[in-house]
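In: any chance you can model this:
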Amino acid sequence: QVQLVESGGGLVQAGGSLRLSCAASGRTFSSYAMGWFRQAPGKEREFAAGISRSGGGTFYAESVKGRFTISRDNAKNTAYLQINSLKPEDTAVYYCAARRGPWTTATEADYDYWGQGTQVTVSS
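Out: Prediction:
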């Protein structure tokens, strides 16, 4: 069992930056690939970024490439999502998710555990 807790969201002006954190419980964090998803108001949840369990491989949605950076610190049981050059369309609840196995995917159903989400609101 893995419990995930996101933090770092908030209200920020367009052009600003945020770093989201996802703290995981348990001693097996390094066994899981991690993903960040987001759900904008009135829209379905969508994949944003993923990272392999070792941290050596990352994967991004086309819409966020160049602005989002996913990373992890297995010693701290934490995954991160750095978001730069924020846009109003980045406004969403951001969720982290854990998937057993080495590789990340963009498919929600592939993930075994989810956090409760953290709200990011970008003002224009």
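In: would you say Ser30 is within a strand?
Out: No: according to DSSP: H, G, I helix; E, B strand; the rest coil, Ser30 belongs to no strand; its state is helix.
In: that one: neighbour count?
Out: Look at Ser30: counted by other Cβ atoms under 10 Å, it has 13 neighbours. (C-beta placed from N, C-alpha, C; glycine too.)
In: can you check Leu4 too?
Out: Neighbours of Leu4 (other Cβ under 10 Å): 24.
In: so who does it touch?
Out: 22-25, 96-98, 113-115 (Cβ atoms under 8 Å, 6 or more residues apart in numbering).
In: could you do Leu11 as well?
Out: Applying Cβ under 8 Å, 6+ apart, the residues near Leu11 are 121-123.
In: again, only this time at 6 Å
Out: Residues counted as contacts of Leu11 (Cβ atoms under 6 Å, 6 or more residues apart in numbering) are Thr121.
In: same question for Gly50.
Out: 35, 59, 104 are the contacts of Gly50 under Cβ under 6 Å, 6+ apart.
In: I'd say the last one and Tyr32 touch.
Out: No: at 9.5 Å, Thr104 does not count as touching Tyr32 under the criterion of Cβ atoms under 6 Å.
In: picking up where we left off before, can you turn the buried part of the contacts of Leu4 into a PyMOL selection?
Out: To isolate the buried ones among the contacts of Leu4 in PyMOL, judged by 16 or more other Cβ atoms under 10 Å, type:
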select buried, resi 22+23+24+96+97+98+113+114+115
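In: inside strands: which ones of the contacts of Leu4?
Out: Counted as lying in strands by DSSP state E, out of the contacts of Leu4, are 22-24, 96-98, 113-114.
In: all set now, cheers.
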